[in-house]
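K.L.:
Show me how the following folds:
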Amino acid sequence: MDILPSSHTEFSSKAYWEKFFQLRGQESFEWYGSFQEIYPLLQRSLFPDVKVLVIGCGNSNFSSDLYDQGYQSIVNVDFSELVIQEMKIKNMFRSEMQWDIGDMTDMHMYDAASFDVVVDKGALDALMSTPTPELREKAKKMFEEIQRVLKPNGKYVCISLAEDYVFAELSKFFVTSSRVADFDWKVDIERISSQKPSPFIPFVFTIQKAPLSSRPPSPTIFVDSLGNVLSAGQSLAANEVAPSIKHMQDFQELRFKLNKVEVGRFETVQLWAGGSDIPRFSVYVLDVSMESTLACAVFFIPTGRESDYQFTTHEGLIDIAFQANCRRLIAVSCNRPHVFPEMNELQSELSPFMMALAPGDRDVKQQIPYMAINVDSDWEVIAEGTSALSGSYVVEEKEDEDGRSVYRRLVFLQNQQLVQSECRLVATAATNNKSKDKKGKKNAKKPSAAKKAVETAATVAASSSSSSDYRLDVWYVDELYKSMLACLNIVPQGRLPRRALIVGLGGGSLVMVLQRLVPGIVIDAVELDSVVVDVAHEHFGFTSGSHTHVHVADGVQFMMNRASEVTSTGGKYDLIVIDADSKDTSIGLSAPPRSFLQSTVLQTMWNTLLEDNGLLMFNVVARSKERLTDFYETMKTELTGARRGFRVKPSEETVNLVVAYHKAVADAASSSSTAATTVGGKKNGKTGSAMTGAHRAMYESLRLWIQVRFSFLFFWCK
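P.N.:
Residues are numbered from 1 along each chain as shown. Below is the predicted model of the structure:
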């Protein structure tokens, strides 16, 4: 027997409730808690001879239980004739109680100022089942009627789940609306504490029709940000109430979800601190065992190591969880510009959150251990700024142990688990001489010389100048881009690309090394954020060659527009690299953005923009195997004719994977023999630009690098 409505709108329908009570019979239905749970919160509004109106009473035992507590002047109203008749019979021995058929949005049968307390136990939620203009108007009429029938100093006790659109109407009328001429509304907010696990918090709003004051009273909340009951209330500004309630409901839903250990779980939770647009803590919750006697342990991710594979991926954190021998590991990262306080202060701050995120079956006597490793971060911020598109960013650097080179990187604070770009600056001869003079002063901390001489496009050209302590190492390639360059070996006979599309400029390292490695290559570099282009020039020595075109544009839109321009005879790309990150960090796939994985976009890249025998490459950052599997399955479905995909993990320390797909043609061997350029500048067929000795040495070293350190992991696409 199905008593659930077919749609939310039926909750406000009289016909639905008639059917509901008919099917349910005389069995009572209790919304949001038992009488024993609600009564302590209601009792403070009651007094001898109090006159109570219960609106939308239904067939709940609430009024009967309240009557039995000695409060006998109770009037109940509901628009269901069936339920009112049923409740009259059921309560025939409670002679003082009144049962009326009526509409709570039009209670003309009651005089103005005739009740001390109006109780609404889920009636508003049932009325406002959806946020339609019609139901908003009905809610307003209900509030006007409650206002009319309440005596001065009377109280409206509303028990509600306070969904955002429901609370918006409640707040508009009683908290933020223009003041009525002869009274104010004083609002107290509490919660019903129940022993039964629930994904929702039922709130009790006690709204008093108070005498007019010189200053409207602020709402007072008796619940903390985690949904725990407070003995003393906290005053909130009117505009703070709705976000606070939403945060509590969201956290309660998460708490309910995490109540039981589920092996394989990997959740990310953001904990915010007042006013900042960057979460104070990123928290990773993973369940690894049902056997361990230790229910839960907390691990603090070292500052500066947030992008390490070991500390931010499911697989990396599993190893730490096994070492801790716990059923659930909670890993905590402090996001810049926030900083970790001292350990005692940190534990005190986080303890309530950790207790809430621990498994529900944890022995309350069992302490939650806090673990950390001492790793000093040598990264020093040398520049910072804000982008309208990507938020706050920092450019930071650290000196190599030998003192002869400095590594510099770009990190956006909204996605701190990803390093956007990295370059290396090497010491000039003068600096090398200085470091020889300082031999033996290993632990001496010195100011960053690179910071004093920030590389720009102008200084790159004069990088050998003795006026600068450090110069940009134009041949430095980090592990990620080494992997991408090594993937060029997938193409038969090492055929090098003549045209490349790079989506996601970053610091420009990949573009610059391609310019040097493959003379004459035509590159379209697309970057969504103009601030990133500026940072690349100012801090990473980015210079675009005569054949490189930088486009500040949306990558997807650029490709769709470009597709309409290319023809079968020219303009296609031999190499397409998607090196863009997602601004949505909640989905577990930090790169590439979901928009690049749409069917039309992938097919445009593969079928229209990519040459036969070309390479399509992705920088993939997935926080779990499930997200990575989803990515592979999408590629299998969309990349028609892709026989194999190649996967390279740049290093054990990074979260990145390079995934490349070769658009092989039927006669790959013969077509590759007519390639423009092959390794070492040996030309077969068409004329191409020969590589210089330096280019050849670098390219051969990349071949050796990939063979010695890694092997290609490949998988069938079809």
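
K.L.:
Show residues contacting the one helix or strand His247 maps to.
P.N.:
Assigned by DSSP states H and E, His247 belongs to helix 238-257. With contact meaning Cβ atoms under 8 Å, 6 or more residues apart in numbering, helix 238-257 is reached by 161-162, 164, 167-168, 171, 175-176, 189, 191, 197-201, 203, 218-219, 221, 223, 225-227, 236, 267, 269, 356-357. Using the backbone N, CA and C atoms, a C-beta is placed for each residue, glycine as well.

K.L.:
Please pick the buried ones from those residues.
P.N.:
161-162, 167-168, 171, 175, 189, 191, 198, 201, 203, 218-219, 221, 223, 227, 236, 269, 357 (16 or more other Cβ atoms under 10 Å).

K.L.:
Just the contacts of helix 238-257: which are in strands?
P.N.:
Among those, the members falling in strands are 189, 191, 203, 221, 223, 267, 269 (criterion: DSSP state E).

K.L.:
Switch those over to TSV; also include distance to Asn607 and pLDDT.
P.N.:
Formatted as TSV, the ones in strands among the contacts of helix 238-257 follow (distance: Cβ to Cβ, whole Å; pLDDT from 0 to 100):
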residue	distance to Asn607	pLDDT
Ile189	57	92
Arg191	56	90
Phe203	54	92
Ile221	57	87
Val223	56	84
Glu267	38	88
Val269	41	86
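
K.L.:
Which one of the residues you listed is nearest to Val648?
P.N.:
Glu267 (28.7 Å; Cβ to Cβ).

K.L.:
which residues does that closest one bridge with?
P.N.:
For Glu267, the beta-bridge partners are Val285 (DSSP bridges).

K.L.:
quick one, what contacts it?
P.N.:
Glu267 makes contacts with 254, 257-258, 284-286, as judged by Cβ under 8 Å, 6+ apart.

K.L.:
Got a ChimeraX select line for the buried ones in those residues?
P.N.:
Here is the ChimeraX selection string for the buried members of these, based on 16+ other Cβ under 10 Å:
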select :254,258,284,285,286
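
K.L.:
Can you convert the contacts of Glu267 into CSV and add a column each for pLDDT and distance to Ala297?
P.N.:
Output for those, formatted as CSV (pLDDT from 0 to 100; distance: Cβ to Cβ, whole Å):
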residue, pLDDT, distance to Ala297
Leu254, 89, 19
Lys257, 90, 20
Leu258, 92, 15
Tyr284, 91, 13
Val285, 93, 12
Leu286, 93, 11
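
K.L.:
With distance to Lys636 as added columns, please give the contacts of Glu267 in CSV.
P.N.:
Below are the contacts of Glu267 laid out as CSV (distance: Cβ to Cβ, whole Å):
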residue, distance to Lys636
Leu254, 33
Lys257, 31
Leu258, 33
Tyr284, 29
Val285, 31
Leu286, 28
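
K.L.:
From the chain's centroid, how far away is stretch 353-360?
P.N.:
20 Å (Cα atoms, centre = their mean, to the nearest Å).

K.L.:
For that stretch, buried residues please.
P.N.:
Buried, per 16+ other Cβ under 10 Å, within stretch 353-360: 353-354, 357-359.

K.L.:
Let's have those in JSON lines, adding distance to Ala242 and pLDDT.
P.N.:
Formatted as JSON lines, those follow (distance: Cβ to Cβ, whole Å; pLDDT from 0 to 100):
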{"residue": "Phe353", "distance to Ala242": "22", "pLDDT": "89"}
{"residue": "Met354", "distance to Ala242": "27", "pLDDT": "91"}
{"residue": "Leu357", "distance to Ala242": "24", "pLDDT": "92"}
{"residue": "Ala358", "distance to Ala242": "29", "pLDDT": "92"}
{"residue": "Pro359", "distance to Ala242": "31", "pLDDT": "92"}
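
K.L.:
Each with direction, which strands does the longest strand along the chain pair with?
P.N.:
When the chain is parsed with DSSP E, its longest strand is strand 610-622. Note on strand 610-622: by DSSP bridges, its sheet partners are strand 573-578 (parallel), strand 589-591 (antiparallel), strand 656-662 (antiparallel).

K.L.:
which stretch in the ones you listed is the model least sure about?
P.N.:
Lowest mean pLDDT of those: strand 589-591, a mean of 75.

K.L.:
Run the chain-centre distance for that one.
P.N.:
That offset, for strand 589-591, works out to 11 Å (Cα atoms, centre = their mean).

K.L.:
And stretch 348-368, by the same measure?
P.N.:
That offset, for stretch 348-368, works out to 23 Å (Cα atoms, centre = their mean).

K.L.:
First residue to last residue on it, what's the distance there?
P.N.:
12 Å (Cα to Cα, to the nearest Å).

K.L.:
I'd assumed Ser421 was in contact with Val411.
P.N.:
No. The criterion here is Cβ atoms under 8 Å, and Val411 misses it with Ser421 at 9.1 Å.

K.L.:
coming back round to it: in TSV: the buried residues of stretch 353-360, plus distance to Lys138.
P.N.:
Converted to TSV, the buried residues of stretch 353-360 look like this (distance: Cβ to Cβ, whole Å):
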residue	distance to Lys138
Phe353	39
Met354	44
Leu357	39
Ala358	43
Pro359	43
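
K.L.:
From those residues, which land in helices?
P.N.:
Applying DSSP state H to these, the entries found in helices are 353-354, 357.

K.L.:
Turn the residues you listed into CSV, including distance to Ser651.
P.N.:
Shown next, in CSV, are those (distance: Cβ to Cβ, whole Å):
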residue, distance to Ser651
Phe353, 33
Met354, 32
Leu357, 31
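
K.L.:
check contacts around Val531.
P.N.:
Counted by Cβ under 8 Å, 6+ apart, Val531 has contacts 385, 387-390, 393.

K.L.:
Would you quantify the distance from Tyr470 to Glu422?
P.N.:
15 Å (Cβ to Cβ, to the nearest Å).

K.L.:
Please say which of the two ends up with more neighbours.
P.N.:
Neighbours were counted for Tyr470 and for Glu422 using other Cβ atoms under 10 Å; Tyr470 has more, 27 against 21.

K.L.:
Nearest residue to the more buried one in space, ignoring adjacent ones along the chain?
P.N.:
Leu425 (4.0 Å; Cβ to Cβ, 6 or more residues apart in numbering).
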